[in-house]
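**Q** fold the following.
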Amino acid sequence: MYVELDSRPTLYVHEQGLGGPAIVLLHYFGGSSRTWEPLISHLDADVRVIAPDLRGWGRTDRPGEGYTLTDYADDVRALIAKLGVDRYVLVGHSMGGKIAQLLASRRPEGLLGLVLVAPSPPTPLVFPEEARATLTTVYDSRESIEAALSHVLVTDPLSPALHEQVVADSLAGSPAAKLAWPLQISQEDITAQVSRIGVPTLILSGSADKVDPREVLEGELLSRLADGRMQLIEGMGHLLPLEAPEQVASHVMRFMQAIGLLPRH
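**A** Purely as a prediction, here's the structure:
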């Protein structure tokens, strides 16, 4: 469905389940709400799922500007208010994880927990200028996307259907969205804000993640959280929602039970 927001882009949102606590799912740089479909199929039927295409990705509006971390966090907060969500867990993957960190640091009403799936850390990413230039064009062709999948993003090949989904979603991003991550969002420093996160936080990390490895997340993110813990998913890479959807869903469900949002079975 499409959700119109006052003075903000119209967002395409995958939503299912109207009762119970909600999970708000924020996808990675290059993804869309479709990234979460394998995981959603393993979630408890009582959970309300809200998965937007972030601005510039998927079927959401693609303005020529407004691609800062703050813009993305403001979009998500406006969406949550528009849908009348009053009890929810925020789940963010990679870039979506950094957006989730900023939003959670504002302590919005109704936020009860935070799950960060292979998240980008709050510190600026440090990489050579050549690597940054490569990132600005990595989603411009099938060949470069497939190279990123093979050498960086996953440990084992995805199924043919998911492989094609990743390629299509990556190609479909707006030019401004494709530039925003390597040139701006990845360089934003929100370490001061992250220290203000006041809800229980679970970090899920693939033990073979080459993008945001465990050691970086422990030092740059976990150490700054007042109530955080990390869970390793063995043998998996960066695209955990696609590589290990059942395991990620299980961790999310157990987390929601531990904070009292779902009954223990």
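**Q** lowest-confidence helix or strand of this protein?
**A** Lowest mean confidence among the helices and strands of the chain (mean pLDDT, DSSP states H and E): helix 129-137, at a mean of 75.
**Q** and the next helix or strand after that helix, what's buried?
**A** Downstream of helix 129-137, the first helix or strand assigned by DSSP states H and E is helix 142-148. Within helix 142-148, the residues that count as buried by 16 or more other CB atoms under 10 Å are Ile145, Ala148. In short, each C-beta sits where N, CA and C put it, glycine included.
**Q** just the CA atoms of helix 142-148, as CSV, please.
**A** Presented in CSV, the C-alpha positions along helix 142-148 are these (Å, rounded to 0.1, in the frame of the first residue of the first chain):
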residue,chain,number,x,y,z
ARG,A,142,24.2,-6.2,-13.1
GLU,A,143,27.9,-7.1,-13.3
SER,A,144,28.9,-4.9,-10.5
ILE,A,145,26.0,-6.0,-8.3
GLU,A,146,26.8,-9.6,-8.9
ALA,A,147,30.5,-9.0,-8.1
ALA,A,148,29.4,-7.4,-4.8
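**Q** what's it in contact with?
**A** Gly30, Thr137, Val138, Tyr139, His163, Val166, Val167, Ser170, Leu171 (CB atoms under 8 Å, 6 or more residues apart in numbering).
**Q** ok, 10 Å please
**A** Helix 142-148 has contacts (CB atoms under 10 Å, 6 or more residues apart in numbering) with 30, 134-135, 137-139, 141, 153-154, 163-164, 166-171, 211, 238.
**Q** tell me the average confidence for it?
**A** Across helix 142-148, pLDDT averages out at 95.
**Q** give me the helices and strands touching whichever helix or strand comes after that helix, please.
**A** On the C-terminal side of helix 142-148, the nearest following helix or strand under DSSP H and E is helix 160-172. Contact analysis of helix 160-172 by 3 or more CB pairs under 10 Å, 6 or more residues apart in numbering; DSSP states H and E lists helix 37-40, helix 142-148, helix 175-183, helix 240-243 as its packing neighbours.
**Q** TSV for the ones you listed, including distance to Gln101?
**A** What follows is the helices and strands packed on helix 160-172, written out as TSV (distance: least, CB to CB, whole Å):
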stretch	distance to Gln101
helix 37-40	20
helix 142-148	24
helix 175-183	15
helix 240-243	17
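**Q** low-confidence ranges in the stretch 151-265 of the chain?
**A** Applying pLDDT under 70 to the stretch 151-265 of the chain picks out residues 265.
**Q** among the helices and strands packed on helix 160-172, which is nearest Thr123?
**A** With CB to CB as the criterion, Thr123 lies closest to helix 175-183 of these, at 15.0 Å.
**Q** picking that back up, so which of the helices and strands packed on helix 160-172 is nearest Val13?
**A** Here helix 37-40 is closest among the helices and strands packed on helix 160-172 (CB to CB), at 12.8 Å.
**Q** please name whichever of the helices and strands packed on helix 160-172 is nearest to Ser223.
**A** Smallest distance to Ser223 across those (CB to CB): 21.3 Å, for helix 240-243.
**Q** how far off centre is whichever helix or strand comes after the closest one?
**A** Downstream of helix 240-243, the first helix or strand assigned by DSSP H and E is helix 245-258. Distance, stretch centre to chain centre, for helix 245-258: 15 Å (CA atoms, centre = their mean, to the nearest Å).
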